[in-house]
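> coords please:
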Amino acid sequence: MSGEPTIERTAIPGLLVLRLPVHADERGWFKENWQRQKMLALGLPDFGPVQNNVSFNARRGATRGFHAEPWDKLVSVASGRVLAAWVDLRAGDSFGSTVTVEIDPGVAVFVPRGVGNAYQALEDATAYTYLVNGHWRADMTYPALDLADPDLGVAWPVPLDVAEVSAKDRANPRLAEIEPVPARRALVLGAGGQLGRALMAAFPGARGVTRAELDLADPAAVADWAWHEHDTVLNAAAHTGVDAAEQDRAVAWALNASAPAQLAGLAARHGFTLVHYSTDYVFDGTRAEHPEDEPLSPLGVYGQSKAAGEVAVGTAPRHYVLRTSWLVGEGPNFVRTMCRLAREGVSPSVVDDQVGRLTFADELARATRHLLEVAAAYGTYHVTNAGPPTSWADVARQVFELCGRDPRDVTPVSTQEYAAGRALAPRPPWSTLSSSRLEATGFVPGDAGEALRRYLSDDPVSAG
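Got it, this is the predicted structure:
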C-alpha cells in the first residue's frame, strides 16, 4: 500500500479505522503508525498519547478482552494479524453496538474511552501494540465483558473453547449484567459567578463547583479532585477585584496564576480540554484595538496575574484562552449599578476616556460552546459582543435612557478626575478586543446594544 492514510467511520460513534501506507522492500516494511499532523487532518482526535504498550502473542488463537480501560487508544500490529472486536459500553443509544475489523500492519483503529476492546491473534508471533492517553495504575478498575456473550455476535475464527483465554477473561460478565460507562462531564469552576452561571446554562449536563466546594487556592485540594471524570474543564474562577488585587497580591496570584498553572498540568496528565477565561487587562491599552497576538503588557497586579495564568494555560496540550472585556451577567455589575442609580434618582459621574465593548455572560458562554462544538484550533480567542466601541459613560447613558431617565443626567469625567482621592489600580484606556479569529471559525457575535436592551428588560433586578 502506498500514498496517504485514509480514515473510515464505523457503527460505533468515535471508533475510527485508519488505512495506513506500508512501504515494503526486501528488508521488510516501514509505516508511520502515529503521525499527528496527518491524522488530525483526517479527523482523528488529538488524544495526546502518553504510553505505548505491546502485547506479544506466541500462538494463533490467543484471545484477550473485552476491556474498556479509562483511556482512548490507537491499536495496531507490529507483526502478524488479529481479528479485533469492539463493543460500545457507553451510556446512550449505541450501547451494545459491536464492530469487528481484521488488523494487519496496514490498519490501525482509534478506540474512544468507554468502548470495550478485544482481539484474537490470527498468526503465530503476533505483536499487538497500542498507544494510550492515560497511565496504567495498579488500582485501576474498568468494565470487562464476556468474550463469548452471544448477544455480541462475534464470530471468533478460533473457537473460544479451544482458544488461549485467561481465566480472568473467561469469568467476565455478559453485556446484560453490566452498568453502562457514564459519559465524562464538563466541569465548571467558579459556577456561582456571573460567567459560571451562564456556562451552567449553556452546558446543562456539566457539573458546577464553587470555591466552597473546591478552593483553587489550595493545591492539595485541587490535586485530589477526580479530574479523570471530566473531558472539559471550564475555568471561570478568578480573583476579579481589580483594585483589591493591589493589596491582596498573594490571593490574586494564587487564583489567577498558580491555579491555572496547576490545571494545565492536570489537563496534560488526564487528557481534558482546559478552557480558561482572561481579560483585556493583560494589555496596557495603548492600541485602539487589540489582536490576540499582541504582546502582553499588563499595568496592575490583576492584569499581571491574569497574564501569567494565560502563559501557564498555554502549556496544556488542549486549551482555549478566551479573553473578554466588560463582563455583564447575573450578579453585581456596572449595568445593574447604573440602572439602580437611575431608578433612585442619582446622577452619577462616569469616566469617558476608557473605551471598549460590553460582553454579556451568555454571549461568552455561547462562544465557548461554539469553539468546542466546531473543534476550533486550540489557542487564544477574543470574545465580546459586537458593535461600535463605547466609553463607560456612553454605556451609562444608554442604561439611563433604557431605564427611563434623561441620559444627560450622567456626567462624563476623565479617569484622572474620577480617581482623585481614591486608591485605584491602573486601567487600560483602550480595551477594545478584535474578534476576527473567533469570527473566522463561523461565530457571529451578537450586537451589544441589542443585548443590553434584552438584559434590562429580562433582568428582574434591573427591571425593578
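> all the strands of the stretch 201-350 of the chain, in order from the start?
207-209, 230-235, 273-279, 319-324, 327-328, 349-351 (DSSP state E, counting those that start in this stretch).
> so which residues make contact with the helix or strand of the chain with the lowest mean pLDDT?
For the chain, the helix or strand with the lowest mean confidence is helix 36-42, at a mean of 90 (criterion: mean pLDDT, DSSP states H and E). Contact with helix 36-42 is made by E4, P5, T6, I7, L18, E32, D46, as judged by Cβ atoms under 8 Å, 6 or more residues apart in numbering. In this view, the C-beta of every residue, glycine as well, is placed from N, C-alpha and C.
> list only buried entries from those residues.
For those, a burial check counting by 16 or more other Cβ atoms under 10 Å picks out P5, L18.
> which segments of this protein make up each domain?
6-177, 185-458 (automatic domain parsing).
> winner for burial among the ones you listed?
Of all the domains of the chain, domain 185-458 carries the top mean neighbour count, a mean of 19, counting by mean count of other Cβ atoms under 10 Å.
> can you get me the start-to-end distance on that domain?
Across domain 185-458, the terminal residues are separated by 30 Å (Cα to Cα, to the nearest Å).
> with stretch 117-132 instead?
End-to-end for stretch 117-132, by Cα to Cα: 13 Å.
> taking the mean pLDDT, what do you get for it?
Averaged across stretch 117-132, pLDDT comes to 97.
> show me what contacts the residue nearest the centre of the chain?
Taking Cα atoms, centre = their mean, the centroid of the chain lies closest to T273, which sits 3.3 Å from it. Contacts for T273 were tallied using Cβ under 8 Å, 6+ apart; they are D231, T232, V233, A267, R318, H319, Y320, L372.
> and with 10 Å instead?
46, 186, 230-234, 267, 316-320, 371-372, 375, 378 (Cβ atoms under 10 Å, 6 or more residues apart in numbering).
> and for T324?
T324 makes contacts with 195, 277-280, 357-361, 363-364, 367, 381-385, 431, 433, 435, as judged by Cβ under 10 Å, 6+ apart.
> which residues touch A376?
Y320, A367, H370, R437, L438, A440, T441, G442, F443.
> leaving out chain neighbours, which residue sits closest to R9?
L16 (6.3 Å; Cβ to Cβ, 6 or more residues apart in numbering).
> sorry, wrong one. I was asking about H67.
In space, H67 is closest to A144, 5.3 Å off (Cβ to Cβ, 6+ apart).
> same check, this time on T210
G192 (4.3 Å).
> so that neighbour sits against V209, correct?
Yes. With contact defined as Cβ atoms under 10 Å, G192 counts as touching V209 (8.9 Å).
> common neighbours of these two, please.
By Cβ under 10 Å, 6+ apart, the residues touching both G192 and V209 are A237.
> any regions of the chain where pLDDT drops low?
1-2, 459-464 (pLDDT under 70).
> hmm, 50 instead?
Applying pLDDT under 50 to the chain picks out residues 1, 463-464.
> okay, and the beta partners of the residue nearest to the centre of the chain?
As for beta bridges, T273 partners with T232 under DSSP bridges.
> next one: the one 4 residues further on
Y277 forms beta bridges with L322, as assigned by DSSP bridges.
> surely it meets L199?
Yes. If you go by Cβ under 10 Å, Y277 and L199 touch, sitting 9.3 Å apart.
> between those two, which contacts overlap?
Joint contacts of Y277 and L199 (Cβ under 10 Å, 6+ apart) are L189, G190, G193, L234, A236, L364, T368.
> can you pull out the helices in the stretch 301-450 of the chain?
301-313, 334-344, 361-373, 392-402, 415-419, 436-439, 448-458 (DSSP state H, counting those that start in this stretch).
> repeat that for the stretch 151-300 of the chain.
All helices of the stretch 151-300 of the chain, identified by DSSP H, counting those that start in this stretch, fall at 167-170, 194-202, 219-224, 249-253, 259-270.
> got the angle for the longest one vs helix 301-313?
Spelled out, that is helix 259-270. If you take axes from the mean of the first three to the mean of the last three Cα atoms, to 10 degrees, helix 259-270 sits at 10 degrees to helix 301-313.
> against which helices or strands is helix 259-270 packed?
Applying 3 or more Cβ pairs under 10 Å, 6 or more residues apart in numbering; DSSP states H and E, we find helix 259-270 packed against helix 219-224, strand 230-235, strand 273-279, helix 301-313, strand 319-324.
> of all the ones you listed, which lies closest to F56?
Closest to F56 of the helices and strands packed on helix 259-270 is strand 230-235 (Cβ to Cβ; 32.4 Å).
> that closest one packs against which elements?
strand 185-189, helix 194-202, helix 259-270, strand 273-279, strand 319-324, helix 361-373.
> ok, 6 Å please
strand 185-189, strand 273-279 (3 or more Cβ pairs under 6 Å, 6 or more residues apart in numbering; DSSP states H and E).
> ok, and what's touching the first one?
Outside strand 185-189, the residues that touch it by Cβ atoms under 6 Å, 6 or more residues apart in numbering are 196, 199-200, 203, 205-208, 230, 232-235, 237.
> what do you get if the cut-off is 8 Å, keeping everything else the same?
So strand 185-189 is contacted by 196, 199-200, 203, 205-209, 214, 216, 229-237 (Cβ under 8 Å, 6+ apart).
> one step back: so the residue nearest to T210 sits right up against M200, yeah?
No. Counting by Cβ atoms under 8 Å, G192 stays clear of M200, with 9.3 Å between them.
> what's the overlap in contacts for the two?
In contact with both G192 and M200: G208, using Cβ under 8 Å, 6+ apart.
> if we can go back for a sec, residue contacts, the residue nearest to H67?
G65, F66, H67, A68, G116, K168, D169, N172, P173 are the contacts of A144 under Cβ under 8 Å, 6+ apart.
> can you put those residues in JSON lines and add distance to Y128?
Compiled in JSON lines, the contacts of A144 are given as follows (distance: Cβ to Cβ, whole Å):
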{"residue": "G65", "distance to Y128": "11"}
{"residue": "F66", "distance to Y128": "14"}
{"residue": "H67", "distance to Y128": "13"}
{"residue": "A68", "distance to Y128": "17"}
{"residue": "G116", "distance to Y128": "15"}
{"residue": "K168", "distance to Y128": "18"}
{"residue": "D169", "distance to Y128": "15"}
{"residue": "N172", "distance to Y128": "19"}
{"residue": "P173", "distance to Y128": "24"}
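> next, check the residues you listed against the strands and list the overlap.
G65, F66, H67, G116 (DSSP state E).
> which residues are in contact with the closest residue to V301 other than its chain neighbours?
Leaving aside its sequence neighbours, V301 sits nearest to A245 (Cβ to Cβ, 6+ apart; 4.3 Å). With contact set as Cβ under 8 Å, 6+ apart, A245 has these partners: H239, V251, A252, G300, V301, Y302, S305, A425.
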